[in-house]
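Chemist: next comes the sequence, and after it the predicted model I'd like to discuss.
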Amino acid sequence: MRKDLPPRYYLTHFFEFLSFFEGANQELLSDSAQQFVSRFKALSDDKQCIVVRAANRKYAVIDRSQFNYAEINSPQAQIDELVDEGWFGDLSHASTSDIAGVLTKDAIVELLGEYGSTQGLNALTKPKLIALLDAEIKQKGWPTRFALDQYLVCLFDDALRYLLFLYFGNTKSRLNQFSMRDLGVMRTRADSVSDIARFDHNNDAQAAWYYAKHHTQLTYYDDDKMLSLSHDDFPATDGVSACFFKDQFLYALSLKLMDIDRVNGLRIMSLAESDKAKEKWLRESYKDGQVEEVKAALEQIIDNPQSDTLLAFAEDFYARKYHKKRTSTVTDMLRNASRTLAIDVSQNQQVERGVLAHYAREGITGWRTENRLWRSLFGLTFWKLLYEEDTLVTEFDRRPLSLKQNNFYAKFESGIEALLTQLDSKEKLRFHVHKMATMHYGKVNSLFMWSSHLLTPIEALIEHASLDAIYALLRMMCRDFESLRDGFPDIMVFDGTLRFEEIKAPGDQLRRNQLVSIQRLQQAGFDVAVTTVEWVRDPAQPYVVVDIETTGGNNSYNRITEIGMVKLIAGEEVARYQTLINPQRRIPSNITRLTGISDEMVADAPVFEQVADDIATFTEDAVFVAHNVNFDYGFIKQEFARLEQVYRRPKMCTVREIRRTYPGLPSYSLANLTRHFEITMERHHRALSDAKAAAELLKLAFEKDDEAVVSKINSA
C-alpha cells in the first residue's frame with residue numbers, strides 16, 4: 001500500500017539532507033553554499049517550506065501559481081517577500097537548460113514568433129530552438145507578451161545543486177529521492193556511513209563541480225561558448241573522484257570541438273586520462289598523420305598500462321599499424337575459435353540457451369554465467385570489505401567508493417590477501433560464500449541481483465576449477481574492477497574438465513571488454529573458447545507441438561481445460577501427452593458446444609498445479625510449437641506465473657511456417673489446412689487431435705525447406 005506523506009514532510013527531509021553537511025562534508029562547502037544554509041535556517045517556517053518546495057522541482061524555473069499549498073500561510077505574499085529578499089528573481093536569471101526544461105517545444109516556437117517568423121522552426125531540435133531563443137533574449141530582451149511575473153527563478157539554484165552534487169555524487173539526482181524512499185518506491189541501504197566525504201578537500205570538490213556542471217550544460221552551449229570554454233584555465237585536481245568528472249567533461253567537450261576546430265578538439269582530448277579518450281585520441285591522431293607521436297604513446301602504454309582494456313587496445317593497434325599485422329586480436333581469436341556448433345535455427349532468439357540444450361543432449365553439463373558468476377562471487381567473497389569496511393557515503397549509494405574510484409586493491413590489499421590466505425581450501429571458500437549469502441540475502445548492492453539459483457554456478461566453479469585460478473581472477477578484479485566488471489563469457493561447461501565459452505552467432509562481434517575478460521581468464525589458468533554457431537535444421541532438436549482448450553480467449557482470467565502435446569525429433573513422433581485439466585471455474589455453454597468438454601468431464605481432472613511439472617519436463621529443451629502459438633504459449637506461461645514459476649521456451653508458429661512455405665492458400669485456419677492437405681482429424685477442438693494435426697503441418701513445412709535446400713544445391 002502506498003504511504004501518505006505527513007504535513008511539511010518536504011521541510012523535514014530537507015533538514016535531514018542539510019544534516020549531511022554538519023560533519024566531514026562541511027569543509028567541502030563553497031562560500032555560496034555556506035551562505036545558503038545559514039540564510040535558509042534563518043527563514044520562517046512558511047518561507048522555508050516555499051524554498052524547499054521550489055528546491056524539490058527539477059528545474060530552477062518555477063510557476064508561482066503552483067505554490068498555493070495548504071501547509072503554507074499566505075503563500076503568494078510569502079513569495080513576494082522572498083523575491084524582495086533575493087531568493088527568487090525574474091527569468092533574466094534563468095539558464096537555457098532551465099528554460100528548456102520548463103517550456104515545451106511549442107511554447108519556445110511561440111516565443112520565437114514574437115521576434116519574427118516561425119517558418120522552419122518546428123523542424124529544429126529543442127536545444128537548437130533554445131539556442132535561438134537565448135540569442136534573441138540577449139539581443140532584444142524577453143517578449144512583452146510573455147507573463148514574466150508568473151515565472152520565477154531560484155537564485156539559490158547553483159548553491160543548491162552544489163550541495164546535491166556533494167550529497168549524491170552526480171548532477172542528476174534530486175531531492176525527490178527522499179520521498180521515493182519514504183513512499184517505498186526506492187530501496188536504499190540503511191547501513192551507509194553518513195559522516196564520510198566524497199572528495200579529499202574543498203578544492204577537489206569545487207573542481208569536480210566545475211567539470212560536472214559544464215558537462216551537464218554542454219548540450220546547450222553554442223560554438224562560441226565551447227571554443228571559449230576550451231581556453232579556460234581548467235581547475236587542477238589529482239583527486240580520484242574529481243578526475244573522473246574532469247575526464248568525462250574533457251572527452252565530451254573534445255568530441256563537440258572536433259567538428260568546429262579539429263586541432264583544438266584533439267588538444268582537449270589529449271588532456272583526458274580515461275581509456276576511451278586515450279583510444280580516440282590515438283586513432284584520430286594517427287588519421288591526421290602523427291604516426292611517430294602515436295607510436296611513442298602506444299609504446300608508453302604497453303610499458304606502463306593504466307588498465308587492461310587500454311593495454312589490449314594498445315597492443316592490438318601497435319601490432320596492426322607498426323608491425324604490418326593485417327588482422328586484429330579480435331579477428332584472430334574468432335578465426336582460431338576452438339569449436340563451431342551447428343544449432344537448430346529455432347534457437348536464434350536465445351542462442352546461449354540453444355547451445356546449453358545441445359550440450360545437455362550430449363550429456364554435457366553447462367551453466368549460463370556471463371557477468372553474474374564472477375560479479376556475484378566477487379561480491380560475496382569480499383562483502384565485508386566492500387559493504388562494511390568500505391564506505392557508502394549515503395543510503396542512496398549502491399556502489400562502494402573503492403569500486404567507483406577503481407582502487408579497491410590499493411585500499412584493502414592487506415585485508416584481501418589475509419582473507420584469501422584464510423580461505424585456503426575449496427571447502428572454506430564454499431562455506432564463506434554460503435555464509436555471506438545467508439547473512440546478506442536481499443540487500444541492495446551494485447554487483448548482482450539476488451535469486452534462489454545464485455549459488456548454483458558458483459558451487460560448480462568451486463568444485464571443478466582450480467582454487468589458484470579462481471583466486472588469480474579475483475585478484476585481477478580487485479586490482480582493476482573497471483576493466484573486469486563485465487565482458488565475461490556466456491556459459492561455463494563441464495565435460496570432464498571445466499571451460500568457459502563465449503558464444504557468437506552469425507553477425508555477432510567480439511567487443512573489447514569481452515576480449516579483455518577472455519584474456520584475463522586465460523592468464524588465470526582457465527580454458528576459454530570462442531564458440532561460433534551455425535544455424536541449421538538440427539535433426540536432434542526436439543519440437544513439442546501443443547494445443548490447449550480453454551474456458552475463453554483471455555488468459556488473464558480464463559483457464560485451461562485440456563492440453564495435448566506431441567514431441568517430434570527428426571520429424572518422427574517420439575512421445576505424446578494429453579490430460580483434461582480442472583479449470584476451477586464453470587465452463588461456458590458455448591465453449592462446451594465448441595469443444596465437447598463439460599463441467600462434469602473435468603470435475604475429477606487434476607488442476608494445473610498438479611500437472612505443471614509434467615508439462616515443464618515434457619517441453620524442456622524443446623521448441624514450443626502451436627497453431628497461432630502466442631495463444632497457447634500465453635495461457636501456459638500465465639498458468640505457471642500463477643504458481644510463481646517462470647516458463648520460457650523458444651516458440652514456433654505453424655501458421656507462420658505454412659504461410660512461408662505454402663504462400664497463397666485461401667485460409668490458414670487449422671480446420672481448412674487439414675482439409676487442404678488431407679490430414680486426418682479425430683475431433684476438431686480437442687487438444688491432442690489438434691496437436692497431432694499441427695504436428696503434421698510442421699512436418700510439411702520442414703519437408704518444403706529440405707526440398708528448397710536440395711534444389712539450391714543441384715542448381716549451384
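Modeler: Received it, and whenever you're ready, just let me know what you need.
Chemist: buried set for stretch 277-289?
Modeler: Using 16 or more other Cβ atoms under 10 Å as the test for burial, stretch 277-289 gives A277, K278, E279, K280, W281, L282, E284, S285, Y286. For every residue, glycine as well, the C-beta is placed using N, CA and C.
Chemist: list of residues touching that stretch?
Modeler: Stretch 277-289 is contacted by residues 247, 250-251, 254-255, 258, 262, 266, 269-270, 272, 293-294, 297-298, 301, 310, 313-314, 317, 321 when judged by Cβ atoms under 8 Å, 6 or more residues apart in numbering.
Chemist: in helices, which of those residues appear?
Modeler: Using DSSP state H, the subset of those located in helices is 247, 250-251, 254-255, 258, 262, 266, 269-270, 293-294, 297-298, 301, 310, 313-314, 317, 321.
Chemist: please check those residues and keep the buried ones.
Modeler: For those, buried by 16+ other Cβ under 10 Å: 247, 250-251, 254, 258, 266, 269-270, 294, 297-298, 301, 310, 313-314, 317, 321.
Chemist: the nearest residue to Q422 once chain neighbours are set aside sits in which helix or strand?
Modeler: Spatially, and ignoring its direct neighbours in sequence, Q422 is nearest to K428 (7.3 Å; Cβ to Cβ, 6 or more residues apart in numbering). According to DSSP states H and E, K428 maps onto helix 426-440.
Chemist: now find how far off-centre that helix is within its chain.
Modeler: How far helix 426-440 lies from its chain's middle: 28 Å, per Cα atoms, centre = their mean, to the nearest Å.
Chemist: neighbouring contacts of it?
Modeler: Contacts for helix 426-440 (Cβ under 8 Å, 6+ apart): 377, 380-381, 383-384, 387, 422-423, 454-455, 458-459, 462-463, 467, 470.
Chemist: where in the stretch 1-150 of the chain is pLDDT low?
Modeler: 1-5, 96-97, 143-149 (pLDDT under 70).
Chemist: ok, now with 50
Modeler: Low-confidence segments of the stretch 1-150 of the chain, defined by pLDDT under 50: 1-2.
Chemist: show me where it has helices.
Modeler: 9-19, 31-41, 45-55, 75-84, 96-102, 105-113, 126-140 (DSSP state H, counting those that start in this stretch).
Chemist: show me where the stretch 451-600 of the chain has helices.
Modeler: 455-464, 467-479, 512-524, 589-595, 599-602.
Chemist: L377: what's it in contact with?
Modeler: With contact set as Cβ under 8 Å, 6+ apart, L377 has these partners: V433, I458, L461, I470, L474.
Chemist: please, which helix or strand holds it?
Modeler: For L377, the element it lies in under DSSP H and E is helix 370-381.
Chemist: tell me which other helices or strands the helix or strand following that helix touches.
Modeler: As assigned by DSSP H and E, the chain's next helix or strand after helix 370-381 is helix 383-384. With contacts taken as 3 or more Cβ pairs under 8 Å, 6 or more residues apart in numbering; DSSP states H and E, helix 383-384 sits against helix 426-440.
Chemist: so for the helix it packs on, mean pLDDT?
Modeler: Mean pLDDT, helix 426-440: 96.
Chemist: what angle separates that helix from helix 467-479?
Modeler: Relative orientation of helix 426-440 versus helix 467-479 (axes from the mean of the first three to the mean of the last three Cα atoms, to 10 degrees): 40 degrees.
Chemist: so for helix 426-440, what gets flagged as buried?
Modeler: Buried residues in helix 426-440, counted by 16+ other Cβ under 10 Å: K426, L429, R430, H432, V433, M436, A437, H440.
Chemist: which residues of the stretch 601-716 of the chain fall in strands?
Modeler: Ranges of strands within the stretch 601-716 of the chain are 623-626, 651-653, based on DSSP state E, counting those that start in this stretch.
Chemist: parallel or antiparallel, list what pairs with the first one.
Modeler: In the sheet containing strand 623-626, its partner strands are strand 543-550 (parallel), strand 651-653 (parallel), by DSSP bridges.
Chemist: tell me which helix or strand in this protein has the weakest average pLDDT.
Modeler: helix 329-335 (a mean of 57; mean pLDDT, DSSP states H and E).
Chemist: rewinding a little: nearest to D182 among the helices of the stretch 451-600 of the chain would be which one?
Modeler: helix 455-464 (33.5 Å; Cβ to Cβ).
Chemist: from the contact counts, what lies against that closest one?
Modeler: strand 365-368, helix 370-381, helix 426-440, strand 491-494, strand 498-504.
Chemist: now distance to Y115 too, for the ones you listed, in JSON lines please.
Modeler: Listed next are the helices and strands packed on helix 455-464 as JSON lines, based on distance: least, Cβ to Cβ, whole Å:
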{"stretch": "strand 365-368", "distance to Y115": "59"}
{"stretch": "helix 370-381", "distance to Y115": "53"}
{"stretch": "helix 426-440", "distance to Y115": "60"}
{"stretch": "strand 491-494", "distance to Y115": "62"}
{"stretch": "strand 498-504", "distance to Y115": "56"}
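Chemist: what's the longest helix in this structure?
Modeler: helix 687-715.
Chemist: right, and V109 touches Q119 too?
Modeler: No: contact status for V109 versus Q119: not in contact, 10.5 Å apart, counting by Cβ atoms under 8 Å.
Chemist: show me which of those two is the more surrounded one.
Modeler: Ranked by neighbour count (other Cβ atoms under 10 Å), V109 and Q119 place V109 first, with 18 against 8.
Chemist: which non-adjacent residue is nearest that one?
Modeler: Once flanking residues are discounted, V109 sits nearest to L121: 4.8 Å by Cβ to Cβ, 6+ apart.
Chemist: now that neighbour: how far from D614?
Modeler: L121 is 65 Å from D614, where distance means Cβ to Cβ, to the nearest Å.
Chemist: for A570, give me the pLDDT.
Modeler: For A570, pLDDT reads 91.
Chemist: number of residues surrounding it?
Modeler: 13.
Chemist: now it: phi and psi?
Modeler: Main-chain torsions, A570, degrees, to the nearest 10: phi 60, psi 40.
Chemist: what's near enough to touch it?
Modeler: P539, A540.
Chemist: make it 7 Å
Modeler: P539 (Cβ atoms under 7 Å, 6 or more residues apart in numbering).
Chemist: same check, this time on A314
Modeler: L298, I301, I302, P305.
Chemist: from K295, how far out is the nearest residue to it once chain neighbours are set aside?
Modeler: Counting by Cβ to Cβ, 6+ apart, A314 lies nearest to I301, which is 4.1 Å off, once chain neighbours are set aside. Distance from I301 to K295, counting by Cβ to Cβ: 11 Å.
Chemist: E85 too?
Modeler: 62 Å.
Chemist: who has more neighbours, these two?
Modeler: The residue with more neighbours, out of E85 and K295, is K295; 16 against 12, by other Cβ under 10 Å.
Chemist: can I get the buried part of the contacts of helix 426-440 as one PyMOL selection?
Modeler: Entered in PyMOL, the line below selects the buried ones among the contacts of helix 426-440, by 16+ other Cβ under 10 Å:
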select buried, resi 377+380+381+383+384+387+423+454+455+458+462+470
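Chemist: need the worst-confidence member of the contacts of helix 426-440.
Modeler: Within the contacts of helix 426-440, Y387 has the lowest pLDDT, namely 85.
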